[in-house]
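# build the 3D model from these lines:
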Amino acid sequence: MLRSFIALYCRKHHLDHGVREHVQEQGKTYCQECYALLHYGLQRNANCPLDPKPACRKCEIHCYKAQMREKIRQVMKFSGKYYAKRGRIDWLWHYFF
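Numbering: from 1, shown residues only. Sure, this is the predicted structure:
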């Protein structure tokens, strides 16, 4: 889910606006900034001490740095609205439950 949300955000905010340097991974394209955010998020999720891992917005332990947490909030807010407007109810189900 994180990969899809960041790839969508990057495409709409960076790649469509002329960012030339990009990275492809697992069929998705990212600019350098979004690629770094993706790997930061994946690393934090993999090292989460809670089992089972809750959604980050419901977690009492914030393992993201404040700056990265704000970036991921922007990504999730934009991508969540984008998918909801296009009928991706399965993403909303995951978000709320």
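# now the closest residue to residue 34 other than its chain neighbours: how far from residue 48?
Nearest residue to residue 34, sequence neighbours excluded (CB to CB, 6 or more residues apart in numbering): residue 10, at 3.8 Å. All C-beta spots, glycine's among them, are computed from the backbone N, C-alpha and C. Distance of residue 10 to residue 48, computed by CB to CB, to the nearest Å: 24 Å.
# how about the secondary structure of residue 84?
Put simply, residue 84 is helix when judged by DSSP: H, G, I helix; E, B strand; the rest coil.
# report how many residues lie close to it.
Neighbours of residue 84 under the rule other CB atoms under 10 Å: 13.
# please report the distance of it from residue 54.
According to CB to CB, residue 84 stands 21 Å off from residue 54.
# residue 69 now?
15 Å.
# looking at those two, which has the bigger crowd around it?
More neighbours surround residue 69 than the other of residue 69 and residue 54, with 14 against 11 (other CB under 10 Å).
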